[in-house]
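Peer 1: sequence first, predicted model second:
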Amino acid sequence: MSWAEFITVFGIAVGLSMDAFAVSVTQGACREIHGHRYPLIIGITFGLFQAGMPLLGYLAGATFSTYIQHLDHWIALSLLAVIGLKMFLDGLVDYRRKKRAKSLGEICEDVCHTDLRLHDLIMMGIATSIDALAVGVTFGMLGVGIWLSILIIGLTTFVLSAFGVHIGKKAGPLLGDTMEMTGGIVLIALGLKIMVEHLVQGI
C-alpha cells in the first residue's frame, strides 16, 4: 500500500469511526466505568464490526451492497432508536425517582449506571458500522488491499471508541441526573443523522 492509499484509507477510517466514537461517549457518560474493562470491550466490539462490514461488502460484491444501501440507514435508525429510547425512558424513571426521594428528604441510591448488556453492544456495533458495507466494494473497485485496509479501519475505530468512553466518563458528571436521558437522545439523533444523510444522498 502506497502512502497515498494509506492516507485515503485512514481518512475513510476516521470518517467511519465518528458514529462509533459518538456512541462510545454516550456509553462512557451513562455507565459506571471502573478501570479499562468497558473501554476495551466497547473499543474491540466497535473495531471488529467496523472492520468486518467492509470485508463483508468486499466479499459479497456490488450487487449485495446495492441492495443493502436501500435499507442500511433504516436498520441503523431502528437499532439506535430502540437503544436510545430505552436509555431515555430508564433515565426518566430514575430521574423522577430521585426527585421524589429528594422532595421527601430521603436518601436515594444511584441505580442508573447499569451494566452494558451484550445484545445492546451488538446492536450498537451493527448500527454504527452497517454503512461501511459499500466501502469494501469501493476498495475492490479501486484495487486497494482489503486486509490492510480493514486492519487500519478496525484499529482506528478501536482507538477512537475506547478514547470516547473515557471522554464520556469525564463529561458524565457535568450532565448530572439527566445524563442517561441525554445519552438516549444522542443515540436517537445519531440514527436520524444517518437516515437523513442517506436520504439526501439518494436525491
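Peer 2: Happy to help now that I have it.
Peer 1: mind listing the helices for the chain?
Peer 2: Using DSSP state H, the helices of the chain run over 3-30, 37-60, 62-69, 72-103, 118-129, 133-142, 146-175, 179-202.
Peer 1: buried sites along the fifth one?
Peer 2: By neighbour count on 16 or more other Cβ atoms under 10 Å, the buried set for helix 118-129 is 120-121, 123-129. (C-beta placed from N, C-alpha, C; glycine too.)
Peer 1: still on that earlier bit, could I get the helices of the chain in CSV, plus columns for mean pLDDT?
Peer 2: CSV is the format used below for the helices of the chain (pLDDT from 0 to 100):
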stretch, mean pLDDT
helix 3-30, 81
helix 37-60, 89
helix 62-69, 60
helix 72-103, 73
helix 118-129, 85
helix 133-142, 72
helix 146-175, 86
helix 179-202, 72
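Peer 1: sorry, back to before: looking at the buried residues of helix 118-129, spot the one nearest residue 147.
Peer 2: Taking Cβ to Cβ as the measure, residue 147 lies nearest residue 129 of the buried residues of helix 118-129, at 17.5 Å.
Peer 1: nearest spatial neighbour of the closest one, chain-adjacent residues omitted?
Peer 2: Leaving aside its sequence neighbours, residue 129 sits nearest to residue 49 (Cβ to Cβ, 6 or more residues apart in numbering; 4.1 Å).
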